[in-house]
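S.K.: When you get a sec, could you give me coordinates for this:
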Amino acid sequence: MASKATRPTRSSRPSRPGRPSWRDRAFVVRTYDFGEADRVVVLLTRSHGLVRGVAKGVRKARSRFGSRLQPFVDLDVQIYPGKGLSTITAADTVAYHGARIIEDFERYAAACAILEAADKLAYEEADPELFDLVKDGIRQLQTTEAPTQVLDAFILRATDHAGWGLSLYNCANCEKPGPHRAFNAAVGGAVCTNCRPPGSMTVAEETLHAMWLLARGYEYTPDSATAESTVEAQVHRAATAHLQYHLESGLKSLRMMEQA
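M.R.: Residues are numbered from 1 along each chain as shown. Below you'll find the predicted structure:
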């Protein structure tokens, strides 16, 4: 009589292979405490999109690991993926950009707004262009004398990358050639006199030209101090209205800037 087959023990069963860990460049865009000593860190990575990971033990007073997982730091991170939250197992500093940013409120608020906007615009898939826009914006804020312009340029370029590009010369509704003197975020940019909906912003022609330059990666140099003050204010108002219309929510960082 044939003997019964031996039932495999737990130790004799083949183990299931785990998911391999990976490394990527990243910026911290948001954090919140988790447990007694851990922290959940939301990372914008270059090749893996938005990643939520647990950094274990980083809230302990002597954690060198935790000191690196801060905003405004270009990081090289190692991630062990999980079903829900991933685990951040290592983080090395590639470049620290916080020195002049955290010492100046206007730079700090603009940098926070860039990270918050990126968090809202990112998905859980690779987006190297969005990562590079964040990196360039944070890096420029270290030295610029016009932090608001850097922020507005980021908003215009990032929303264009997301598929929400503005029409800034032709009317966004009827395509009548400009220049025009009104802007409406819901319509999609410049609007002519005939198409102008109630609530549209009245803007200088130079404002729409400045937005066109910033959206394409150029700097805007005003003709005079008066023009600079007027155009900068209108560009910022239009750019933030455009962003918040498409996100369908406001940004805490922008409210912080307005209260300053």
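
S.K.: Residue 23 and residue 103, how far apart?
M.R.: Separation of residue 23 from residue 103 (C-beta to C-beta, to the nearest Å): 31 Å. The C-beta positions use only the backbone N, C-alpha and C, and glycine is treated the same way.

S.K.: And these two? Which one has more around it.
M.R.: residue 23 (15 against 9; other C-beta atoms under 10 Å).

S.K.: Mind checking what secondary structure the more buried one has?
M.R.: strand (DSSP: H, G, I helix; E, B strand; the rest coil).

S.K.: Please list all residues in contact with it.
M.R.: By C-beta atoms under 8 Å, 6 or more residues apart in numbering, residue 23 lies in contact with 76, 77, 78, 79.

S.K.: Return the set of buried residues in the helix or strand the second one falls within.
M.R.: Assigning secondary structure by DSSP states H and E places residue 77 in strand 73-80. Under the neighbour-count criterion of 16 or more other C-beta atoms under 10 Å, strand 73-80 has 73, 74, 75, 77, 79, 80 buried.

S.K.: With stretch 50-67 instead?
M.R.: So for stretch 50-67, counting by 16+ other C-beta under 10 Å, buried means 50, 51, 53, 54, 55, 56, 58, 63, 66.

S.K.: Strands - which of these land there?
M.R.: 50, 51, 53, 54, 55 (DSSP state E).

S.K.: pLDDT score for the last one?
M.R.: Reading off the confidence values, residue 55 has pLDDT 92.

S.K.: Would you enumerate the residues in contact with it?
M.R.: Here residue 55 is in contact with 38, 39, 40, 41, 65, 66, 69, 88, 91 (C-beta under 8 Å, 6+ apart).

S.K.: Quick check: ChimeraX command selecting the buried ones in these.
M.R.: Of the contacts of residue 55, the buried ones can be selected in ChimeraX as follows, counting by 16+ other C-beta under 10 Å:
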select :38,39,40,41,66,69,88,91
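
S.K.: quick one, helices of the stretch 1-150 of the chain?
M.R.: 64-68, 98-101, 105-121, 128-141, 147-161 (DSSP state H, counting those that start in this stretch).

S.K.: out of those helices, nearest to residue 257?
M.R.: helix 105-121 (4.5 Å; C-beta to C-beta).

S.K.: neighbouring contacts of the closest one?
M.R.: Contacts of helix 105-121 (C-beta under 8 Å, 6+ apart): 27-30, 42, 44, 50, 71-72, 100-102, 130, 133-134, 137-138, 141-142, 144, 147-148, 150-151, 154-155, 158-159, 162, 243, 247, 249, 251-254, 256-257, 260.

S.K.: what bits of this protein have low per-residue confidence?
M.R.: Where the chain drops to pLDDT under 70, the residues are 1-18, 61, 224-227, 260.

S.K.: nearest to residue 169, of the buried residues of strand 73-80?
M.R.: Closest to residue 169, out of all of those and judged by C-beta to C-beta, is residue 74, at 35.6 Å.

S.K.: Report the beta-bridge partners for the closest one.
M.R.: residue 95 (DSSP bridges).

S.K.: Residue 91 is in contact with that one, correct?
M.R.: No. Using C-beta atoms under 8 Å, residue 74 is not in contact with residue 91; the gap is 10.9 Å.

S.K.: Thanks a lot, catch you later.
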